[in-house]
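Engineer: Provide a 3D model corresponding to the input given below.
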Amino acid sequence: MVKIASPATTHYGPPIASHNGLKVQVCFQCGYKHLAPLPNPDTITRFYADPDGFYKDAEQMFRIDANHHHMGLWDPLYRWETTQLFTHLGPATRIIDLGAGTGWFVKWWADNIGRAVGVEPSPVARSNSPVPARLFPTLPESARKFAGGNPVYLRARLVLEHLVDPVGFLKEAVGIPQRVKGIIVTTPNEWNPLQDRIVKRDGVGNWFIDKTHINYFDKQGLGVVLREAGFEPLGWYATHPLELWQLAGFKYIGDDQKGQRVHLARLNLEKRLGRVAFGLYKILFDRLGWGREIICVAKLRDTI
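Structural biologist: Residues are numbered from 1 along each chain as shown. As a prediction, this is how the structure comes out:
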């Protein structure tokens, strides 16, 4: 299972929001927002490795996701991520996907770029993977598949928000024997202007606060985590501003079927527009702070 380092012993700062008995604070110790109190790290580690944990009853989600991949709907995002890695960090052909889920990105990279392995603690996710032999429950097991000194990229998509100590997690990742060139990280963009407007006007409360969602990043908070772990951010981007659908009257929050339709519409848009869509997302993020998720490409200090 993925090792999660112990959190800092002292957390202090004002509360910012609550939902269903959970509280989020602006933590001056950590430099970003997180649940208060923080959950026990061992409990979280067991939860993600437990078949009845994070991916319990996820079969339908796996089927939908597999269908979207077979349709090529995720290809534009994967190509765009690869372009940003090459642009900011220089070319490399090996990557470790931290928190790989069912491993579709690992498969895509192996089919199109070079060698890829994934770290995924959940046996349920690994058993539903198209490339189960490329997924491993721990980082050391994954890293051992890359012998030699050729550099590697790291990828962490929608992972850091679920960890008690994201800085410790990233430090462990850069401690592998292989030379790490850098990382591409994606996290939810919390309390962005659109999300804030929904909270204040739609009566849904802070719906995004959840017991599995420990950290609540914005650009500044994610930058703190990356720098503390030894990285230097080079490029900031964002994904589709999904909240626009809710504000436009397509009330998907709390409605899984509508949420799936919104997600599919986003994927179809990106397939049709390609890199134009991601360029538009960057403009909206840079000028307005919009975007459901933040993406950062960062180099490991003293590299490149």
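
Engineer: How confident was the prediction at Ala58?
Structural biologist: Here the pLDDT value assigned to Ala58 is 88.

Engineer: Name the nearest residue to it, sequence neighbours excluded.
Structural biologist: In this structure, Ala58 finds its nearest non-sequential neighbour in Val124, 6.6 Å apart by C-beta to C-beta, 6 or more residues apart in numbering. From N, CA and C alone the C-beta is placed, and that goes for glycine too.

Engineer: what about that neighbour, which SS state?
Structural biologist: Secondary structure assignment for Val124 (DSSP: H, G, I helix; E, B strand; the rest coil): helix.

Engineer: For Asp52, see how far away it is.
Structural biologist: Taking C-beta to C-beta, to the nearest Å as the measure, Val124 and Asp52 are separated by 9 Å.

Engineer: Pick out whichever of those two has more residues nearby.
Structural biologist: Using other C-beta atoms under 10 Å as the criterion, Val124 and Asp52 rank with Val124 on top: 20 against 9.

Engineer: need the contact list for the residue nearest to Ala58.
Structural biologist: Pro51, Tyr55, Lys56, Ala58 (C-beta atoms under 8 Å, 6 or more residues apart in numbering).

Engineer: who wins for most neighbours among these?
Structural biologist: Highest count within those by other C-beta under 10 Å belongs to Tyr55, 22 neighbours.

Engineer: For that residue, what are phi and psi?
Structural biologist: Main-chain torsions, Tyr55, degrees, to the nearest 10: phi -100, psi 20.

Engineer: same question, Asn215
Structural biologist: According to degrees, to the nearest 10, Asn215 has phi -110, psi 150.

Engineer: Name the nearest residue to His240, sequence neighbours excluded.
Structural biologist: The shortest distance from His240 to any non-neighbouring residue, by C-beta to C-beta, 6+ apart, is to Arg266 (4.4 Å).

Engineer: which element is that neighbour on?
Structural biologist: helix 256-273 (DSSP states H and E).

Engineer: And that helix, how far out from the chain middle?
Structural biologist: 18 Å (C-alpha atoms, centre = their mean, to the nearest Å).

Engineer: following it, which helix or strand shows up next?
Structural biologist: As assigned by DSSP H and E, the chain's next helix or strand after helix 256-273 is helix 275-288.
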